[in-house]
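Engineer: no sequence on this one, just coordinates:
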C-alpha cells in the first residue's frame, strides 16, 4: 500500500529460531519506502502456497499489556492506584486499558534503548532491541499527526505546507515554514489556521477532509492521548515527564493502534465469555506486513496456533514468487477507517459483491451537523448494501417520527408479528424471525413519508458539509493533472469521494421513495411495490424491507 522505492535490505533474518522465532529462509525485512519497512521474498525458490509457515513467534515473545502494567514504573503506579485508568489511547476506545499500558511499555523501552546503534550481526532476532530498531520514527502519514495545513487543499500553490504547533492542532503558525517572499512581518503574523500565504496575500484554502469524520476524529483521538498523558503525570506517576514527553507518548499510542493484533488464545477464552475483548498485543516483526485485499490469493493468513502456542503467518492460495511483498489483510473497512487508523486509502475499495464498504455520517433530529464526529444528535452511519444497518436506521426513523397513535399501533403490530399472526403492516403472513424490530417495515404512508423526508434532509445537509462536489473530487483523482498517487491529498480525496458516493446513493433512495409515495393514493398503498422500489434503488436481490 506504499509507493515502492528501490529495495534495500534492512535485516536479513533467515531461518533464525532464536527464542522460538522463525522467519522463512526466502523472506527478508526490507525498506519499502522512505518511511516504511516490510517483508519481501528475495529467494529464487519463493514460498509454496497452501499454508507454508512464513513467520512464527511463541506466545512468550508477544508483547501484551502486562509488560507495561508490571514492567514499567508508570504502569505499576497506575496498577497500585484505586483511581480509574486514564482515557484509552484510541479515539474509539477499542484498545481500552491494554493500549495505555502498551504505550507506556513502548515509551519505557525506547527510552531505555536510547540512541545506541543496533548490531547488524545480532543473532537474537526475537529480542526487543531488534524489534524496537525497526519501528517507524515518522508517522506523518497518519491523519492524527497531520497539521492543520495538511488538511487543506493548497490550490495552485507550490508552497511548503504551513506547520502548526507540534502537531497538537495548536493555533500558532510558524511563519518560518511559509514562503514569505514579498511579505512583511505584520502580514505574516496575521496568517491563521486554515489559510495560506500566496503572492503577497492571505488566501483561504479548502480543508482536505472538511466534512469527513476522519478530520474531527483525528483531533478527538489526539486530544484523548494528550489527556491520558496528562492524567498519568498528574494522578499516577509525575516522574513520567523525565523520560517521556507528550509527543513521545502520542507517538507510542499511534504505534500501538496501527500495529497491534487482537489474539485469541485458550487462556483468554473465559474473558471472552464474560464479554471482554481478546487481548491486544504487539507481535514483533509480524506487524511489518502491509495490507492486501483478502480476495488476492497471495494474501497471507495469521492465527494463534494452540498446538505450538505460537502466533503464525502462513501463505494463502497462491505461491509467493521472488520479489513479491508478503502482506496480510487488515480486514474489509471503509477508506475512512484505513486512512484514520493506518494512513492509506484504497483506490478501488470494494467488497466481493462489488459494493463499496465506505461509510458516511448523518445527523438526525438536531446535533452539530458540521461536526460528524459529535454524538449530541441522532448520529448515524450510512453504508451501501448493509441490510442490517439500513433496516436499523429506517426502523429508528419510523419510530422517531411516529405520532402517539402510530406508536401504540406499532407496538401492537410488533407483538402480533412476533406471534406469527400478522405482517408488521397489517397483512397476513407466515412466522417472522424471533428478533423483530418494532417498526422494521413501512407502517403507514404518513409515517413513511415523514421518515424519508427527515432522512433526505439529513443526507442533503451532510452533502453540504463538503466544499467540493463528487464530480470535482473525481476530477482531482482521475482527470488531467490528477493528484499524486499515495499522497496525503489523494488519500483524503479518496475518502471524501467514497463518502459522497454513499450519500448520493441514499439521496437517490429517498427521492425514489418519496416519488412513489406521492404518486399513489393512500387508500391503495402498494407496500410490496414500494419495498421493491427500495430494494431496486439499493441494488439488492434480497429485500431490505421484506422478510
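Structural biologist: That came in fine, so what should we check first? Computed from a prediction, not measured in an experiment: that's the story for all the values here. Numbering: from 1, shown residues only.
Engineer: My read is that residue 323 contacts residue 40, right?
Structural biologist: Yes: counting by CB atoms under 8 Å, residue 40 is a contact partner of residue 323 at 7.0 Å. C-beta here means a position set from N, CA and C on the backbone, and glycine is covered the same way.
Engineer: Pick out whichever of these two has more residues nearby.
Structural biologist: Between residue 323 and residue 40, residue 40 has the larger neighbour count (other CB atoms under 10 Å), namely 21 against 10.
Engineer: Which elements pack onto the one helix or strand the more buried one maps to?
Structural biologist: Using DSSP states H and E, residue 40 sits in strand 37-41. In this structure, strand 37-41 makes packing contacts with strand 27-31, strand 325-328, judged by 3 or more CB pairs under 8 Å, 6 or more residues apart in numbering; DSSP states H and E.
Engineer: mind listing what the next helix or strand after that strand pairs with, with the direction of each?
Structural biologist: Counting by DSSP H and E, the element after strand 37-41 in chain order, helix or strand, is strand 53-58. Sheet pairing for strand 53-58, assigned by DSSP bridges, gives strand 22-23 (antiparallel), strand 310-314 (antiparallel).
Engineer: got the contact list for strand 53-58?
Structural biologist: Here strand 53-58 makes contact (CB atoms under 8 Å, 6 or more residues apart in numbering) with 19-24, 27, 39, 47, 126, 283-286, 300, 308-315, 320, 326.
Engineer: before we move on, the earlier item: can you lay out the helices and strands packed on strand 37-41 as JSON lines showing mean pLDDT?
Structural biologist: Shown next, in JSON lines, are the helices and strands packed on strand 37-41 (pLDDT from 0 to 100):
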{"stretch": "strand 27-31", "mean pLDDT": "87"}
{"stretch": "strand 325-328", "mean pLDDT": "94"}
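Engineer: For residue 475, which of those is the nearest?
Structural biologist: strand 325-328 (30.9 Å; CB to CB).
Engineer: Run a quick check on residue 73 versus residue 236, I expect a contact.
Structural biologist: No: Residue 73 lies out of contact with residue 236 (CB under 8 Å); the separation is 9.9 Å.
Engineer: More neighbours: which of these two?
Structural biologist: residue 236 (20 against 14).
Engineer: is it true that the more buried one touches residue 76?
Structural biologist: No: contact criterion CB under 8 Å: residue 236 and residue 76 do not qualify, at 9.6 Å.
Engineer: what touches both of the two?
Structural biologist: What both residue 236 and residue 76 touch, as defined by CB under 8 Å, 6+ apart, is an empty set.
Engineer: what sits up against the strand holding residue 40?
Structural biologist: 2, 7, 10, 26-32, 47, 54-55, 134, 136, 285, 288-290, 320-327.
Engineer: Measure how it sits relative to strand 53-58, angle-wise.
Structural biologist: 130 degrees (axes from the mean of the first three to the mean of the last three CA atoms, to 10 degrees).
Engineer: how long is stretch 461-475 end to end?
Structural biologist: With CA to CA, to the nearest Å as the measure, stretch 461-475 spans 23 Å from end to end.
Engineer: Show me which positions of that stretch end up buried.
Structural biologist: The neighbour-count check on stretch 461-475 (16 or more other CB atoms under 10 Å) flags 462, 463, 465, 466, 468, 470, 473, 474, 475 as buried.
Engineer: Assign the fifth one to helix, strand or coil.
Structural biologist: When the structure is split into helix, strand and coil by DSSP: H, G, I helix; E, B strand; the rest coil, residue 468 lands in coil.
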